[in-house]
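> output the structure for:
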Amino acid sequence: MSILRQGVSRKFWEGSIRMHVNPITLSFPPLLERQFSDEHFKSSRLFIRVSFIIGILMYSAFALLDRKVAPEVLTTLLKIRFLYICPIILITFLLSFCKWFKKYWQILIFLAIFLSGCGIIVMLLAGSDLVAQDYYVGLILVLIYGYFLIKLRYIYATYSGCLQLLLYFAIDYFYLDLPPQVSFANGFFLVSANLALIVGSYFIEYYTRSDFYARLLLDLERENVQRVNSELEKEVSRRTAELDSTNQELRHKIKELKLSQRELQESEEQLRLAFDASDASVWSLDLVSMKLLLTDVCHDILEYPAEQKVGHFDLDIIHQKDRTKFKLEIDKLLLKQTENTNIEFRLPSYSGSWKWLHAWGKISEYSPTNQPLIVMGPIFDITLRKENELELNNYRLNLEKSVRERTDSLESSQDALMYLMDDMNAASQKLKTVNKQLESVNKELESFSYSISHDLRAPLRGISGFTKILQDDYQDVLDDHGKEYLDLIKENSAMMSQLISDLLEFSRLGKQVIIPVAIDIPVLAKKIFATLTASIPERDIILETDEFPLIYADINLMNIVLTNLISNAVKFTVKCPKAVIRVGYSLEAGEHRICVQDNGVGFDMKYARKLFGVFQRMHSSEDYEGYGVGLSIVKRIITKHGGTTWAESEVDKGTSIFITLPRTEEEIELEEVNLQQD
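Numbers count the residues shown, from 1 in each chain. Alright, predicted model coming up:
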């Protein structure tokens, strides 16, 4: 339906609104024909049913004519009427109430009309000569009924009428014994009536279709008008909203402009007052003529009488020692090496003395070709300041003379200073020796820790082994207290073994050589997180990671760092209904800053200084497992990389562990290469 309307609407707006029908069958194009058939059926359904009832009544009423005209074959004629024709019409009438009747209604009505006409023809054949001579009028009534009263389409009515006439002529020619004049007259009237009915039915259906097409165009025009009105209303609303917004912006800009004007006036007034209070003035330089332009205030500074004031001066008026410097500063301004100039120079006063002036200026006017024309700015009289500076310089020279005299008296003390330097060098040498001894002690301490860790494992394995033997072989001999003691021995042995392992790992860190490689921190963190949470699927834990650049560090050591930090976050969020662990990143002061944050139990920051110490715990071992070595390992690894570690936390609000790593030469070179490629 929508496709049909779109097609007709397009033709309507393109100006091609002529109705397109098949001139023979009076059929629209398929989609339009379907819509016409639906509408024609809806408007004709009641009329069809009434026509069927009228047809049954008419066939029944003409039974009286059978009695008058052909009483000898009355029974046969009544059988044809009431056992053949009327049941056909009645069945078609009843079928009109079926849902599928809409699809086949033209064909069914065509069959009913054709069979009804055939019934009249059978009456002609079964009746007397009088019946055969006069009942052709009944056939004309059937034709009229089919063409006009029953809403049968012109093409189907034409088929029905022509078939009935052919059948009539065949019966008349082969079976009816009518005079030629009567047979010709009957045939002439039947053919004439059929032709007239065909023409009438053709034009009735044509104008019916024209009316339908005109209504369709009218509906489409109405819809298009409504659509255009709707679009116009939307456009008007949009434009109104835009105008309202523009008006608001204009009012806001007008308000800002008025405020700016008021502020400008206030600034101008303040500037005027400042100039009046500071004896400042305005100067300018014409870059075309290279003339120095001075205001009346400048002339007052130079002590010119009112009648001797000149509007402009050549640059030659500037003191010879200041002239070259003045021109260089102006050239820098013109070459855009600086945005403003700041010059101190001397001009002669009317009395012949030199006045020191401090001028500040910038280019204030350009030509249409963007060439600078005028330099303008404030100018100040600094003669008094220069005189004070000269006096101060003289005082400084006198002071330097006094210092030199004092220096001569202090030369004798330099020998004492030399002896002091020798003592400091000796102390520095001793400090280097102590540092070497300290490094040796640290190495021995690491070796000792490693050896102790290995040596302690043997007795622990013996304790664990004997405890297992007692549990396996003397299970029935020991009472409950004995079994409990054995469990405690076993647990403490395992704890001691873990502590030794942690100490062993801690001692190894001092010997391990850092091999930096490019690390994708988010990928490594997700892999560690998946491993740590695989055994606790019942917990609701999520891991969030920021975007990281590739960070160059030792992959094995960074794996230990992230494992310790993420395992702590998993451990200390065990009481959270929904644990969130975030691995964040930022670049601060040229260093990589990595933060592992959780929403767990947290701790009091007054104990933060103990956090990274060996065997230092913030919570009891009954609440959270662990031995207080993990963060000390993290700190040692990060320190070995040249970074720092610290923590921020709040009780019951989570903990953030921060680590920093310096950027390596590989990262800086890679960044420079990427910038060059961009």
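> wait, is Ala359 part of a strand?
Yes: under DSSP: H, G, I helix; E, B strand; the rest coil, Ala359 sits within a strand.
> now do it against Tyr366, distance only.
Ala359 is 20 Å from Tyr366, where distance means CB to CB, to the nearest Å. For glycine as for every other residue, the C-beta is placed from the backbone atoms N, C-alpha and C.
> so these two - more neighbours on which side?
In terms of neighbours (other CB atoms under 10 Å), Ala359 is the more surrounded of Ala359 and Tyr366; the figures are 24 against 11.
> now that one: how far from Leu32?
From Ala359 over to Leu32 (counting by CB to CB), the distance is 90 Å.
> can you point out the buried residues in stretch 575-585?
Cys576, Ala579, Val580, Ile581, Arg582, Val583, Tyr585 (16 or more other CB atoms under 10 Å).
> now pLDDT, distance to Arg67 and secondary structure too, for the residues you listed, in a markdown table please.
Below are the buried residues of stretch 575-585 laid out as a markdown table (pLDDT from 0 to 100; distance: CB to CB, whole Å; DSSP: H, G, I helix; E, B strand; the rest coil):
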| residue | pLDDT | distance to Arg67 | secondary structure |
| --- | --- | --- | --- |
| Cys576 | 88 | 105 | coil |
| Ala579 | 91 | 104 | strand |
| Val580 | 92 | 103 | strand |
| Ile581 | 94 | 107 | strand |
| Arg582 | 95 | 107 | strand |
| Val583 | 95 | 109 | strand |
| Tyr585 | 94 | 111 | strand |
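> which one of the residues you listed sits closest to Ser116?
Each of the buried residues of stretch 575-585 was scored against Ser116 by CB to CB, and Val580 proved nearest at 86.5 Å.
> which ones are touching the closest one?
Shown in contact with Val580 (CB atoms under 8 Å, 6 or more residues apart in numbering): Ile541, Ile542, Glu544, Thr573, Asp598, Asn599.
> of the residues you listed, buried ones?
Buried, going by 16+ other CB under 10 Å: Ile541, Thr573, Asp598, Asn599, out of those.
> just give me the closest of these to Thr407.
Looking across these and measuring by CB to CB, the closest to Thr407 is Asp598, at 66.2 Å.
> pLDDT at the closest one, what is it?
Note on Asp598: pLDDT of 92.
> ok, now Glu591?
Predicted confidence (pLDDT) for Glu591: 90.
> so what's the residue count around it?
16.
> go on, Gln429?
Around Gln429 there are 10 residues (other CB under 10 Å).
> check the one 3 residues further on too.
Other residues within reach of Lys432 by the criterion other CB under 10 Å amount to 9.
> name the element it belongs to?
helix 414-473 (DSSP states H and E).
> low pLDDT regions in the stretch 51-200 of the chain?
The model of the stretch 51-200 of the chain has pLDDT under 70 over residues 127-136.
> rerun at 50
By pLDDT under 50, the stretch 51-200 of the chain contains no weakly predicted segment.
> hey, where'd the strands end up in it?
Using DSSP state E, counting those that start in this stretch, no strands are found in the stretch 51-200 of the chain.
> just the buried residues of the strand or helix carrying Arg406, please?
Using DSSP H and E, Arg406 maps to helix 383-410. Buried residues in helix 383-410, counting neighbours by 16+ other CB under 10 Å, are found at Thr383, Lys386.
> can I get the buried ones among the contacts of Val580 in TSV including distance to Ser402?
As requested, these are arranged in TSV below (distance: CB to CB, whole Å):
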residue	distance to Ser402
Ile541	78
Thr573	74
Asp598	69
Asn599	71
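> of these, closest to Trp105?
Nearest to Trp105 out of those is Ile541 (CB to CB; 71.0 Å).
> where does Ile379 land in three-state SS?
The three-state label for Ile379, taken from three-state DSSP, comes out as strand.
> for Lys635, see how far away it is.
From Ile379 to Lys635 the distance is 63 Å (CB to CB).
> now for the longest helix belonging to the chain, which elements pack on it?
The longest helix of the chain (DSSP state H) is helix 180-278. For helix 180-278, the elements it packs on are helix 2-14, helix 30-61, helix 136-144, helix 154-174, judged by 3 or more CB pairs under 8 Å, 6 or more residues apart in numbering; DSSP states H and E.
> name every strand pairing with the next helix or strand along the chain from it and say which way it goes.
As assigned by DSSP H and E, the chain's next helix or strand after helix 180-278 is strand 281-286. For strand 281-286, the paired strands and their directions (DSSP bridges) are strand 291-294 (antiparallel), strand 372-381 (antiparallel).
> which residues sit against strand 281-286?
275, 291-295, 297-298, 301, 312, 330, 359, 361, 364, 373-380.
> in that strand, what counts as buried?
Ser281, Val282, Trp283, Ser284, Leu285.
> stretch 158-173 now?
By 16+ other CB under 10 Å, the buried positions in stretch 158-173 come out as Thr158, Tyr159, Ser160, Gly161, Gln164, Leu165, Leu167, Tyr168, Ile171, Asp172.
> export these as TSV, with columns for distance to Gln337.
Listed next are these as TSV, based on distance: CB to CB, whole Å:
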residue	distance to Gln337
Thr158	102
Tyr159	103
Ser160	106
Gly161	107
Gln164	112
Leu165	113
Leu167	115
Tyr168	117
Ile171	121
Asp172	122
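> give the contact list for the closest residue to Glu344 other than its chain neighbours.
Closest residue in space to Glu344, ignoring its immediate chain neighbours: His358 at 5.2 Å, by CB to CB, 6 or more residues apart in numbering. Residues counted as contacts of His358 (CB under 8 Å, 6+ apart) are Asn342, Ile343, Glu344, Ile379, Phe380, Ile382.
> now the nearest residue in space to Cys162 that is not next to it in sequence: how far from Leu165?
Nearest residue to Cys162, sequence neighbours excluded (CB to CB, 6+ apart): Asn194, at 7.0 Å. In this view, Asn194 and Leu165 are 6 Å apart by CB to CB.
> what of Arg81?
Taking CB to CB, one finds Arg81 at 21 Å from Leu165.
> hey, which helix or strand in the chain has the poorest pLDDT?
When each helix and strand of the chain is scored by mean pLDDT, DSSP states H and E, helix 2-14 comes last, with a mean of 45.
> surely Met290 and Leu315 touch.
Yes: Met290 is in contact with Leu315 according to CB atoms under 8 Å; the separation is 5.9 Å.
> who has more neighbours, those two?
Taking other CB under 10 Å, Met290 and Leu315 do not tie; Leu315 has more neighbours (14 against 11).
> list the contacts of that one.
Contacts of Leu315 (CB under 8 Å, 6+ apart): Met290, Leu292, Arg323, Phe326, Lys327.
> which of those residues sits closest to Asp66?
Among those, and counting by CB to CB, the member closest to Asp66 is Met290, at 134.6 Å.
> which ones are touching the closest one?
Contacts of Met290 by CB under 8 Å, 6+ apart are Asp314, Leu315.
> and it, what pLDDT?
Predicted confidence (pLDDT) for Met290: 81.
> then Ser656?
92.
> likewise for the one 10 residues further on?
Here the pLDDT value assigned to Glu666 is 74.
> then Glu365?
Confidence score, pLDDT, at Glu365: 80.
> check which helix or strand covers it.
Counting by DSSP H and E, Glu365 is part of strand 354-366.
> so that strand versus strand 281-286, what angle?
Put simply, strand 354-366 runs at 60 degrees to strand 281-286, going by axes from the mean of the first three to the mean of the last three CA atoms, to 10 degrees.
> any buried residues in strand 354-366, and which?
Lys355, Trp356, Leu357, His358, Ala359, Gly361, Ile363.
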